[in-house]
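Peer 1: Structure, please.
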Amino acid sequence: MALSPMDVTQFAAVDTARAARMLNEVRSAKLSGGRAPVAPRPVIEQSWERMLRSGVDPEHDFRSGLLAPEEVQRRREASALRHVLPVLREGLLSVADVAHHIMVVADDEGRVLWREGSAPVLRKADGLGFELGADWREEVVGTNGVGTPAVTRRPVQVFASEHFVRSQATWTCAGAPITDPRSGRLLGVVDVSGPLETMHPATLAWVDSVAKLAEARLRELHMLTLERLRAVAAPVLARLDGRALVTDRDGWTAAVTGMPYLDRVTLPKSPAAGPRWLPALGACTVEPLGDGWLVRAADEPVPQGSVRIVLDLGQPRRWSVRVLGGAEAWVRELSPRHAELLYLLAVHRAGRSASGLAEDMFGDPARTVTVRAEMSRVRRYLGAYLEHRPYRFCEEAEIEVLLPDDPRDLLPHSAAPAVAERRASLPAP
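Peer 2: Sure thing, here's the model as predicted:
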């Protein structure tokens with residue numbers, strides 16, 4: 001009986017050895033161009049295709065140099081992930097140790113910063129190069145539970161020969177990305193790994209749930225920092241006339257006076273005291289206040305004229321929008337969802353309705369509430385250059401889209417039907 005890709009994960013829980021043999025046949029067929037007994041899961045097949053294009057050797061593992069202990073410690077102290085280690089340990093370690101798993105936490109560059117759990121499994125991981133300071137980016141060591149979730153920006157379980165490199169085929173891994181709730185930037189990946197026989201189909205949902213708890217904890221900590229900044233801001237704003245607000249270092253608003261409340265304003269990438277032009281407010285003066293910024297709006301019109309908007313999708317996991325022209329150039333890093341939306345608007349210069357974007361994004365024109373909510377967030381920083389009914393870039397704006405060297409690497413996380421169709425239609429290099 002033929003099995004669909006989704007059946008394999010369930011089948012592995014019943015007969016791990018047979019499932020592993022089948023996946024080895026699937027991998028061998030894919031690499032040799034032969035016919036496989038079952039299609040790889042889409043997330044795995046897409047990863048394998050990236051590995052083949054980038055030249056990763058499927059038969060011999062490659063290990064880049066380990067970070068020095070001092071550099072591992074420096075990265076730990078600089079990473080926001082250190083704040084959620086108690087959440088990760090409480091949610092994962094007690095079960096992982098009993099189930100003969102280890103918990104691995106890597107930063108946004110795929111470097112292993114923390115590694116805990118079953119002592120025998122840790123020793124086995126050493127032999128695999130799964131050590132502190134190791135580089136487990138997908139483009140370095142192939143399809144795996146650390147590097148692949150970082151690329152796709154969604155939870156991924158990699159079982160047996162779903163690993164691209166043969167030496168990892170005796171392992172099962174389940175990893176989930178952790179993003180910064182303030183910026184949408186990838187902070188790193190939490191992964192639970194172990195020998196093949198420890199595979200369980202519920203592991204991925206378990207790891208993903210704990211990763212979401214970690215992100216919720218980061219949101220709580222962010223709210224606490226805003227509360228502290230609000231206490232500092234209140235007496236300062238009480239003495240000011242006109243429009244002003246106080247934000248944290250990421251532009252999230254702690255308090256306002258003389259104007260409607262804004263959740264967030266887009267600050268320059270490296271803000272400094274002095275006159276500035278901000279998309280939501282126009283001409284402003286910015287000065288440090290506590291752990292944030294005091295922003296005072298000038299009563300001047302927003303500058304008009306031609307503007308060039310550069311949507312940079314060329315760097316993996318580092319998508320951004322740059323606005324050049326007007327009073328001051330600025331750049332903003334984009335979340336995966338906002339990168340998708342702005343790319344679709346750049347492709348459809350005539351504009352897209354909410355239902356049209358919903359069909360592009362989800363294959364369901366009825367999901368307009370989600371689209372409108374996301375576009376409302378986009379307009380908070382790009383509103384001066386976006387119009388609606390339909391959603392579109394303003395006619396005066398010159399739009400440039402920077403694509404990856406290989407167009408098939410365009411927004412690899414995206415499952416949006418319209419993006420997938422564009423990926424397939426762009427000519428390969």
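Peer 1: contacting residues for the nearest residue to residue 159 once chain neighbours are set aside?
Peer 2: What sits nearest to residue 159 in space, not counting adjacent residues and going by C-beta to C-beta, 6 or more residues apart in numbering, is residue 172, at 4.8 Å. C-beta coordinates here come from the backbone N, C-alpha and C atoms, glycine included. Listed by C-beta atoms under 8 Å, 6 or more residues apart in numbering, the contact partners of residue 172 are 157, 158, 159, 160, 193, 194, 195, 196, 198, 199, 203.
Peer 1: Top of the residues you listed by number of neighbours, please.
Peer 2: Of all the contacts of residue 172, the highest neighbour tally under other C-beta atoms under 10 Å goes to residue 158, namely 30 neighbours.
Peer 1: ok, now how distant is residue 180 from residue 372?
Peer 2: 24 Å (C-beta to C-beta, to the nearest Å).
Peer 1: More neighbours: which of those two?
Peer 2: Legend: neighbour count by other C-beta under 10 Å for residue 180 and residue 372, higher for residue 180 (20 against 14).
Peer 1: how far away is that one from residue 81?
Peer 2: 10 Å.
Peer 1: and if you look at residue 223?
Peer 2: Residue 223 is 18 Å from residue 81, by C-beta to C-beta.
Peer 1: Of these two, give the one with the bigger neighbour count.
Peer 2: A direct count of neighbours by other C-beta under 10 Å for residue 223 and residue 81 places residue 81 higher, at 24 against 11.
Peer 1: Pop out the phi and psi values for the more buried one.
Peer 2: Note on residue 81: backbone dihedrals following degrees, to the nearest 10 are phi -60, psi -20.
Peer 1: Over to residue 64?
Peer 2: The phi/psi pair for residue 64 (degrees, to the nearest 10) is phi -70, psi 170.
Peer 1: could you measure it against residue 419, distance?
Peer 2: 31 Å.
Peer 1: Neighbour count for the two, which is higher?
Peer 2: Ranked by neighbour count (other C-beta under 10 Å), residue 64 and residue 419 place residue 419 first, with 21 against 15.
Peer 1: count of residues packed around the nearest residue to that one once chain neighbours are set aside?
Peer 2: Spatially, and ignoring its direct neighbours in sequence, residue 419 is nearest to residue 411 (5.5 Å; C-beta to C-beta, 6+ apart). Residue 411: 20 surrounding residues under other C-beta under 10 Å.
Peer 1: Low-confidence stretches in the protein?
Peer 2: For the chain, the stretches with pLDDT under 70 are 1-15, 299-306, 326-329, 428-429.
Peer 1: Show me where it has its helices.
Peer 2: 5-14, 16-32, 42-54, 69-78, 85-88, 94-98, 119-128, 138-141, 147-152, 203-238, 336-347, 354-362, 368-382, 417-425 (DSSP state H).
Peer 1: possible to save the ones you listed as JSON lines with distance to residue 312?
Peer 2: Putting these into JSON lines (distance: least, C-beta to C-beta, whole Å) gives the following:
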{"stretch": "helix 5-14", "distance to residue 312": "33"}
{"stretch": "helix 16-32", "distance to residue 312": "32"}
{"stretch": "helix 42-54", "distance to residue 312": "20"}
{"stretch": "helix 69-78", "distance to residue 312": "24"}
{"stretch": "helix 85-88", "distance to residue 312": "32"}
{"stretch": "helix 94-98", "distance to residue 312": "38"}
{"stretch": "helix 119-128", "distance to residue 312": "35"}
{"stretch": "helix 138-141", "distance to residue 312": "19"}
{"stretch": "helix 147-152", "distance to residue 312": "17"}
{"stretch": "helix 203-238", "distance to residue 312": "25"}
{"stretch": "helix 336-347", "distance to residue 312": "9"}
{"stretch": "helix 354-362", "distance to residue 312": "20"}
{"stretch": "helix 368-382", "distance to residue 312": "14"}
{"stretch": "helix 417-425", "distance to residue 312": "16"}
